[in-house]
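# sequence-free structure coming up:
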């Protein structure tokens, strides 16, 4: 048997992969250098290493080092003074609000007490009159006793009201508000124009404390005397230490700071007019208003006390009934004139005006006592300030000084007041 062997070449199977390769030309290598951004930790570590290792810097000139340290010291003290002045400014602004609130409060006191006392007094007078005439079918005791109580209550309230003088208290707070606002503006001007120093801080503190003393906020233990023995101007500025007078002759310098002998004589003449006319007039009127206020403050409670006593001994059909009725009516009229007319406020106005002229006098005298012209305030600026304080222009101020000089040479008293403002 013949075997037939069939040999065939092996065919590739389906699972075998076919690999194909595509050869591309090689591109040249390009090297790009990107700067390495240091991390935050790296920066901090380098700074600390530099700070603690580089302790011996390059030597500098000794004079420049001293100048730099002195400059830094000055800057430090100046910034401290500025911060202190801003702190004072905040306190001043707070004072303004407190005094403004007290003005409203004490105005309300004056109105409420005035209306209440007058209503009580008139009601008691009416009851006393009705009880005496017997015009109503009511027992006498039922009208006499309430009338006595009402007159007694009115007397007590009047004593308290006349003691504290609410209208005068309100005017004090108005003046304090205005003066604290003025101080606030002065501090803001200093900060805006130049760097403050320790002297500015000290001066501002003294002015705040002087205003607190001149216009106290509380009543008990700190209230100003409402009926002094003599009229005295209000003082709201710190007392100035008198400077020692220099007897040596002042050398004339090129920079006179706006001053000359004619300007000094002008201020002396203006001050003389203020002393002989304005200051004397306000002192005379202040004493007059003080006497009137004292008389009214005594008369009101005295009349209500008489009315209370008269109503206590009231009898029906007696002519004695006219005593409580008339006394009560007069007390209401006096009370309305005193507190409705705000006599206490008028007295405080004169005190404030007198204080203005006293400060005006001290400022001019302190300025002229300084013999070194360069250390004074600029003459032209000072002249303008004085003119504005008196409600005049600079030309009107000079005209006033010339009139005063001519009147003194002729032996005639000046017929014009220094101030046109009030």
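Sure thing, it's come through. What you are looking at is a predicted structure, and each value in this text was computed from that prediction instead of being measured. Residues are numbered from 1 along each chain as shown.
# any idea how far residue 102 is from the closest residue to residue 359 other than its chain neighbours?
Distance criterion C-beta to C-beta, 6 or more residues apart in numbering; nearest residue to residue 359, sequence neighbours excluded, is residue 237 at 5.8 Å. Backbone N, C-alpha and C define where each C-beta goes, glycine included. With distances defined as C-beta to C-beta, to the nearest Å, the gap from residue 237 to residue 102 amounts to 21 Å.
# what's the distance between the residue nearest to the spatial centre of the chain and residue 374?
For the chain, the residue nearest the mean C-alpha position is residue 180 (1.0 Å; C-alpha atoms, centre = their mean). With the distance defined as C-beta to C-beta, residue 180 ends up 33 Å from residue 374.
# Could you do residue 332 as well?
Here residue 332 is placed at a distance of 65 Å from residue 374 (C-beta to C-beta).
# Just want to know which of the two has more residues nearby.
Taking neighbours as other C-beta atoms under 10 Å, residue 332 and residue 374 compare with residue 332 leading, 23 against 11.
# Residue 122 is in contact with the more buried one, correct?
Yes. When contacts are counted by C-beta atoms under 8 Å, residue 332 is listed as touching residue 122 (5.6 Å).
# Might you report the residue contacts of the nearest residue to residue 228 once chain neighbours are set aside?
In space, not counting the residues next to it along the chain, residue 228 is nearest to residue 290; the distance is 7.3 Å by C-beta to C-beta, 6+ apart. For residue 290, the contacting residues are 227-228, 231, 347, by C-beta atoms under 8 Å, 6 or more residues apart in numbering.
# Least confident secondary structure element in this protein?
The helix or strand of the chain with the lowest confidence, counting by mean pLDDT, DSSP states H and E, is helix 40-53 at a mean of 41.
# Following element in sequence after that one, please.
helix 62-133 (DSSP states H and E).
# Tell me which residues of the following helix or strand past that next one come out buried.
Once the chain leaves helix 62-133, the next helix or strand it forms, by DSSP H and E, is helix 140-164. Applying a neighbour-count criterion of 16 or more other C-beta atoms under 10 Å, one finds 143-144, 146-148, 150-155, 157-158, 161-162, 164 buried in helix 140-164.
# Residue ranges in the stretch 201-350 of the chain under the pLDDT threshold?
Screening the stretch 201-350 of the chain residue by residue with the criterion pLDDT under 70, one finds the ranges 240-255, 316-318.
# which SS state does residue 415 fall under?
The three-state label given to residue 415 by DSSP: H, G, I helix; E, B strand; the rest coil is coil.
# what do you get for residue 234?
The three-state label for residue 234, taken from three-state DSSP, comes out as coil.
# nearest residue to it other than its sequence neighbours?
Once flanking residues are discounted, residue 234 sits nearest to residue 355: 3.6 Å by C-beta to C-beta, 6+ apart.
# in the helix or strand encompassing that neighbour, what counts as buried?
The secondary structure element spanning residue 355 is helix 343-369 (assigned by DSSP H and E). Applying a neighbour-count criterion of 16+ other C-beta under 10 Å, one finds 343-360, 363-364, 367 buried in helix 343-369.
# try stretch 395-405
Residues 397-398, 400-401, 404 are the ones in stretch 395-405 that count as buried (16+ other C-beta under 10 Å).
# nearest to residue 336, of these?
Of all the buried residues of stretch 395-405, residue 336 sits closest to residue 400, with 41.5 Å by C-beta to C-beta.
# Distance check, that closest one against residue 187.
Applying C-beta to C-beta, one obtains 32 Å for the distance of residue 400 from residue 187.
# now swap in residue 307 and tell me
Relative to residue 187, residue 307 is positioned 54 Å away (C-beta to C-beta).
# more crowded one of the two?
Ranked by neighbour count (other C-beta under 10 Å), residue 307 and residue 187 place residue 307 first, with 30 against 22.
# surely that one meets residue 323?
Yes. Taking C-beta under 8 Å as the contact criterion, residue 307 and residue 323 are neighbours in contact, 7.2 Å apart.
# picking that back up, okay, and which of the contacts of residue 290 map to helices?
Restricting those to those inside helices, with DSSP state H as the criterion, leaves residue 347.
# Now restrict the contacts of residue 290 to buried residues only.
231, 347.
# Could you tell me which residues make contact with residue 222?
Counting by C-beta under 8 Å, 6+ apart, the residues that residue 222 touches are residue 216.
# which SS state does it fall under?
Strictly by three-state DSSP, residue 222 counts as coil.
# Give me the distance between it and residue 154.
In this view, residue 222 and residue 154 are 28 Å apart by C-beta to C-beta.
# now swap in residue 117 and tell me
Taken as C-beta to C-beta, the spacing of residue 117 relative to residue 154 amounts to 5 Å.
# just residue 238 next, same as before
Using C-beta to C-beta, one gets 44 Å for the distance from residue 238 to residue 154.
# Please apply the same query to residue 225.
Between residue 225 and residue 154 the computed distance is 25 Å (C-beta to C-beta).
# Next: residue 388.
Here the distance between residue 388 and residue 154 works out to 48 Å (C-beta to C-beta).
# before we move on, what about residue 302?
12 Å.
# do residue 412 as well
Counting by C-beta to C-beta, the gap from residue 412 to residue 154 is 54 Å.
# what does residue 365 give?
To residue 154, residue 365 is 50 Å away according to C-beta to C-beta.
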